[in-house]
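K.L.:
Need a 3D model of the sequence below.
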Amino acid sequence: MFTKRLYRSYQFNFKLFKSVFDWTVVLYVAIPGFVISFFLYCDISENFHAFELQQNAILVLLFLLSFFLVKSSVRLFMYDADLLFYKQQTTKMRHIKLCGYLYSFLQYNFLLITILLLASPFIMLPLWKIMLALNVLSVLHIVIQYTFQKWYTKWPLLLVIHALITFSLFIMPIWGFSGLLLIVHIILLKVVLSNRYWTTEIRWEYEAFYQWMKRLYQFSLEIRYYMPAKTKQPLLLLAKKKVLSRHRVDNLVYKTLLRKLNYMKYPVQLIAISIGLLFVLPTWAKVIVLGFSVIGLNVALNSIFNEIKQAPFFQLTTVHEEEWIQANSRLKRRLLAPLIVLMMLLFFIV
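P.N.:
Numbers count the residues shown, from 1 in each chain. Predicted coordinates:
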């Protein structure tokens, strides 16, 4: 049963992946990006000079990164309807939960080992100790996150646990981390295999599953439109009654962008990443990054404008196609041109 559920999960994820990504994206973005990243990684790793960092600075950096490298939930492949058959099929249900538990941490360790091996030329730390410490943190992170639901209890405990484990990296021997990992796994397994925590287990499954779906949805603005908006509106809404442009469509788009700042999340992220890469890449790679950034910003603005055009309030106004095309070109000139100029200046200055 676990194998069937795992297969169906991968089958669903593959269909979801195909609905989000087009083959042109893989052909024009993913493959060139992979090739460029490979040669860039080889170039940087060969010419990399290790920084002489103090031990405390290394541990503080690892403490901050630990919140991004831990596993925050477990997929147990359990559903609400399974509770009806739990009493009749106790052994089978425990077997599914145990298989899901082992699969979750095996998958996590595979990804963790891959990341550590890729980062091995740049870090001067014992990799096995880091891997064991992050596994201990992951188990404790899951236990604390689902045992204490109040943020003022949960987050202080998480900060203390992350600090204790990371700052004892040079003090505790490797067998100490191994023993601690065994103990925390026994504690978490006891929680997982207990029927008293059934609602928690279902929440683990749903949160782990929909977290993956949410990551995929972020790559498509059209699909992201159907996700519930969690971002709050800005406190200061500029120009509620003031006309921002003499063109009617431009004015509506400007006011929409001011009220829904989450529309600009992807362009801002792309600009920040591109500017950061301009400071560290060689000249030939900067040219490629600059070209892809301009193309990416153009595609992002097109998606944002099309999404705004499909909004309900835009359907209440009559906008001719020619009027919309003219507004689209004007908006691109006013929004995209300054960004391109800024990035060109950084390209020649850095």
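
K.L.:
going forward, measure contacts and count neighbours with C-alpha atoms only.
P.N.:
Will do.

K.L.:
which residues of the stretch 151-300 of the chain score low on pLDDT?
P.N.:
Residues of the stretch 151-300 of the chain that meet the criterion pLDDT under 70 lie in 195-199, 211-245, 248, 259-262.

K.L.:
could you pull out the helices for it?
P.N.:
Ranges of helices within the stretch 151-300 of the chain are 151-167, 174-192, 198-217, 221-224, 248-259, 265-278, 283-309, based on DSSP state H, counting those that start in this stretch.

K.L.:
Packing partners of the second one?
P.N.:
Right, helix 174-192. Counting contacts by 3 or more Cα pairs under 8 Å, 6 or more residues apart in numbering; DSSP states H and E, helix 174-192 is packed against helix 127-147.

K.L.:
what residues does the helix it packs on touch?
P.N.:
66, 69-74, 109, 112-113, 116, 120, 154, 157-158, 161-162, 165-166, 169, 174, 177-178, 180-181, 184-185, 188, 200 (Cα atoms under 8 Å, 6 or more residues apart in numbering).

K.L.:
residues in contact with F14?
P.N.:
Neighbour list for F14: empty [criterion: Cα under 8 Å, 6+ apart].

K.L.:
That one: helix or strand, and which one exactly?
P.N.:
Following DSSP states H and E, one finds F14 within helix 2-20.

K.L.:
Over that helix, what's the mean pLDDT, rounded is fine.
P.N.:
Helix 2-20 shows a mean pLDDT of 79.

K.L.:
Same check on stretch 66-79?
P.N.:
The average pLDDT within stretch 66-79 is 84.

K.L.:
How about that stretch, which residues are buried there?
P.N.:
Across stretch 66-79, burial judged by 16 or more other Cα atoms under 10 Å covers S66, F67, L69, V70, K71, S72, S73, V74, R75, L76, F77, M78.

K.L.:
The second one - nearest residue in space that isn't next to it in sequence?
P.N.:
Closest residue in space to F67, ignoring its immediate chain neighbours: H162 at 7.9 Å, by Cα to Cα, 6 or more residues apart in numbering.

K.L.:
Touching, the one you found and L61? I think so.
P.N.:
No. Taking Cα atoms under 8 Å as the contact criterion, H162 and L61 are not neighbours in contact, 11.9 Å apart.
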